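J.: I'll drop the sequence and a predicted model, then ask my questions.
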Amino acid sequence: MNRESTPIPKPVAQLQRQLEQFRSSQPERTKLLESLWQAAVELARQHGVHPVARPLRLDYTRLKKRLGVIFPAAVNVTEDKSNLHATFLLNFADELRRRVPVGK
């Protein structure tokens, strides 16, 4: 199964329609509303960054930054390192989802 035939989750498709409507009513290169970005971030938490960024035509890196996975809030060195480990695992899992074809 290739990536093109992977079904888009219903909430992602709904946001896709909202983004298309917003983009069609605005001049090109208009910044997205914060509410649209926040909706995309919430969906990325549930479905992964790539499965959300691609159908919504959002910049993968920007979405990932907003999700807080690439550059999480500064971790105090004296804090418990569990946050750092969780961030690493989220990055690792996201990379696996991105690289491994669906269904294999």
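T.: Yep, it's here.

J.: wouldn't residue 64 be in contact with residue 52 here?
T.: No: using CB atoms under 8 Å, residue 64 is not in contact with residue 52; the gap is 10.1 Å. From N, CA and C alone the C-beta is placed, and that goes for glycine too.

J.: quick one: low-confidence parts of this protein?
T.: 1-5, 69-85, 99-104 (pLDDT under 70).

J.: what's the residue nearest the centre of it in contact with, if anything?
T.: Residue closest to the mean C-alpha point of the chain, counted by CA atoms, centre = their mean, is residue 49 at 2.9 Å. The contact partners of residue 49, by CB atoms under 8 Å, 6 or more residues apart in numbering, come to 60, 63, 64, 67, 69, 94, 98.

J.: Tell me the buried residues within those residues.
T.: 63, 64, 67, 69, 94 (16 or more other CB atoms under 10 Å).

J.: Between residue 64 and residue 52, which contacts overlap?
T.: In contact with both residue 64 and residue 52: residue 44, using CB under 8 Å, 6+ apart.

J.: thinking again about what came up before, quick one: the contacts of residue 49 as JSON lines, columns for secondary structure and distance to residue 24 too.
T.: Converted to JSON lines, the contacts of residue 49 look like this (DSSP: H, G, I helix; E, B strand; the rest coil; distance: CB to CB, whole Å):
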{"residue": "60", "secondary structure": "helix", "distance to residue 24": "23"}
{"residue": "63", "secondary structure": "helix", "distance to residue 24": "21"}
{"residue": "64", "secondary structure": "helix", "distance to residue 24": "26"}
{"residue": "67", "secondary structure": "helix", "distance to residue 24": "26"}
{"residue": "69", "secondary structure": "coil", "distance to residue 24": "30"}
{"residue": "94", "secondary structure": "helix", "distance to residue 24": "30"}
{"residue": "98", "secondary structure": "helix", "distance to residue 24": "29"}
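
J.: Mind jotting down where the helices sit in this structure?
T.: 10-24, 34-47, 49-56, 60-67, 82-99 (DSSP state H).

J.: Can you tell me which of those is packed in deepest?
T.: Most buried of the helices of the chain by mean neighbour count (mean count of other CB atoms under 10 Å) is helix 49-56; its value is a mean of 21.
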